[in-house]
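Chemist: here is a sequence together with a model predicted from it:
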Amino acid sequence: MEAHAAAAHDHHGPPPANVSSRIDARVLGMLLFIGSEIMLFGSFFTAYFFVRVVNHEPWPPHGQHLPVFVAGINTAILVTSSFTMHWALTSIKRGNRAGMQAGLALTFFMGLTFLLTQIAEYARIGFSPNDNAFATIFFSLTGLHGMHVFVGLTLLLFATIRAFRGHYTPDHHHGVEIPGIYWHFVDVMWIVVYTTVYII
Amino acid sequence: MAERRTWNPLRSEQEAFQFLIAAMGYFGAIALAAGFGGLWAGIAVFAVLTVAGVAWFLNKNRHLDPPAPVDSKETPADVHHVLVVANETVAGRKLHDAVRAAADGKPSRVLVVSPALNSPLRHFVSDEDKAREAAQGRLNHSLHALADAGIDARGEVGDADPLQAIEDSLRTFGADEIIISTHPEGRSNWLEKGVVSGAQQRFKVPITHVVVDLDAEAAEAPAAR
C-alpha cells in the first residue's frame, strides 16, 4: 500500500491513456495520418477534375506539353523503389541485415533520383504556376506529391542510418515497417497522379 | 490478439505493398484502355475493375477464418482470479451473489470491467469521455456493493466492445473464470449481439452467464425490507 502511494506520489503528468489491443498504437498513428493525407490529396484531385471539366478545352491546353516519357521513367524508378523497400523489410524479418541495409539505401537513392528528376522537369517544362489554371493545378498536385516524397526520404534516411548502426532485429523492426507503409502510400498516390494528370 | 484480419492496406508494410501492386494493375489497365480504346473504353474498364474490386473485398472479408481462441495470461495457482464483465447490471444483486459464489472459500482476486458503451457516432469521433464517466459511475456503485458484501474487488472501465474489453483484461489481469452479466433475454442488447456465445467461442477461459433482472430486484427490495 505504501509502495503504491509512493509510486503515485512520484508520478508526474497526465494519467496513462486507455489502450486497447485492437491495433498497435504506432500503426494506428500512421493509419490516421495517411487517412488525413488521403483527404488532402482528395481535395487537390477535386480541384484538378473541376478545372478539367469546367474548362471545355483540350487537356493540357494548346501550347503546353507534359513530359510524359520522362515522368514515365520517373514512375518506373519510384515503383521499383517500393520493391526494394519491401525487400528491405522481408530481409530483416529473415534476419538478413545486409539485405535490409542494401534495400533501404537503394530505396533512398531511387526516391532521391525521382525528386531531383522532378525538380529538373519543373525547370524545363516551359510554363509556370501563375500562367493559367492548368499550370496551377499541375504544379500544386505534383508539388504536393513531391513534398510527400521529401518527407518519405527523411524517414528513409533515418531508417537507413539506424540500419547501418546495427538497429532493428527480426522481432523489432517498426522503424522500417512504418516508413515502408508511408513509402508505399506515396507511390500509390504518384500512380494516381501520373495516370490522371499525364496519361488520361 | 485474436487474428481475424480483415484486409487493410494500411495495417502493415506487406499489405501496403500488395495494395501498391493492385493499384498498379488497376490504373495501368485504365490507362491502357483509355490510350488504345479512347475515353469510353477507359471509363468502362474503370467501372468493371471498380465493381470487381469491391465485390472481391466484400467476399474476402465474409469468408475469413474464425479466430483462434484467446487464452488468459497465467494466474497464480493458489489465488482464484475472477473477471466480471457487466454494464448496466453491474449493481445487480444476482451478479454479486455469483461473484461471492465464485470467490467462496478460496483466496480470490476479482476484477470488475465495465465497458464504456457509446453510440456509434460518438465512438467514431472518439467522443468517449461521457461514456467512460458513466461506466465509471456504475463501476464505483458495484465495487461499493461488493465491498459491503465482503468481496475485495477492483475495477476498470473497458473498451466499448465487451469482447474486446474481456480480451484486454485477460492480457493484463488473467482469469480462471469469467462472469458475464446481462439483462434477461429480450431486453439485453448484449444477448442480441451474441456477446455470451461470442465469448464462449473466442476465449479458452470458463464462462458463467448471469442474468440480472433489475426491475424484479427493485420490486423485491421493498418487500424484503
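Modeler: It's in.

Chemist: now the most far-flung residue of chain B relative to its centre, what's its secondary structure?
Modeler: In chain B, counting by Cα atoms, centre = their mean, B:Phe36 sits farthest out from the average C-alpha position, at 51.2 Å. Here B:Phe36 is helix, with the state taken from DSSP: H, G, I helix; E, B strand; the rest coil.

Chemist: who in chain B is up against chain A?
Modeler: B:1, B:8, B:10-14, B:16-17, B:19-20, B:23-24, B:27, B:30-31, B:34-35, B:42, B:132, B:157, B:159, B:164, B:167-168, B:171 (Cβ under 8 Å from any Cβ of the partner chain). In short, each C-beta sits where N, CA and C put it, glycine included.

Chemist: buried ones from those, can you make that a ChimeraX selection?
Modeler: Paste this into ChimeraX to select the buried members of those, with burial taken from 16 or more other Cβ atoms under 10 Å in any protein chain shown:
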select /B:10,11,12,13,14,16,17,19,20,23,24,27,30,31,34,42,132,157,159,164,167,168
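
Chemist: which of the residues of chain B next to chain A fall in helices?
Modeler: Among these, DSSP state H puts B:13-14, B:16-17, B:19-20, B:23-24, B:27, B:30-31, B:34-35, B:42, B:132, B:164, B:167-168, B:171 in helices.

Chemist: what about B:His123, neighbour count?
Modeler: 15 (other Cβ atoms under 10 Å in any protein chain shown).

Chemist: check contacts around B:Val48.
Modeler: Residues near B:Val48 by Cβ atoms under 8 Å, 6 or more residues apart in numbering or on different chains: none.

Chemist: any idea how far it lies from chain A?
Modeler: Using Cβ to the nearest Cβ, to the nearest Å, B:Val48 is found at 16 Å from chain A.

Chemist: quick one: buried residues of the strand or helix carrying that residue?
Modeler: Element membership for B:Val48 (DSSP states H and E) is helix B:39-62. For helix B:39-62, burial by neighbour count (16+ other Cβ under 10 Å) applies to B:Gly42, B:Val45, B:Phe46, B:Leu49.

Chemist: so the third one sits against B:Ile30, correct?
Modeler: Yes: distance between B:Phe46 and B:Ile30: 5.1 Å, which falls inside the contact criterion (Cβ atoms under 8 Å).

Chemist: for B:Leu95, which non-adjacent residue is spatially closest?
Modeler: Closest residue to B:Leu95 apart from its sequence neighbours, by Cβ to Cβ, 6 or more residues apart in numbering or on different chains: B:Ser181 at 4.4 Å.

Chemist: oh, I was asking about B:Thr208
Modeler: B:Ile179 (4.8 Å).

Chemist: next SSE after the strand or helix carrying that neighbour?
Modeler: Assigned by DSSP H and E, B:Ile179 belongs to strand B:177-182. The helix or strand immediately downstream of strand B:177-182 is helix B:189-192, counting by DSSP H and E.

Chemist: mind giving me the packing neighbours of that following helix?
Modeler: strand B:177-182 (3 or more Cβ pairs under 8 Å, 6 or more residues apart in numbering or on different chains; DSSP states H and E).

Chemist: can you list the strands that the strand it packs on pairs with?
Modeler: strand B:80-85 (parallel), strand B:207-211 (parallel) (DSSP bridges).

Chemist: render the CA-only coordinates of it in PDB, please.
Modeler: Written as PDB, here are the backbone C-alpha positions of strand B:177-182 (Å, rounded to 0.1, in the frame of the first residue of the first chain):
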ATOM      1  CA  GLU B 177     -13.200 -17.700 -14.700                       C
ATOM      2  CA  ILE B 178     -15.200 -15.100 -16.500                       C
ATOM      3  CA  ILE B 179     -18.600 -13.900 -15.300                       C
ATOM      4  CA  ILE B 180     -20.700 -12.100 -17.900                       C
ATOM      5  CA  SER B 181     -23.800 -10.300 -16.600                       C
ATOM      6  CA  THR B 182     -26.700  -9.300 -18.800                       C
END
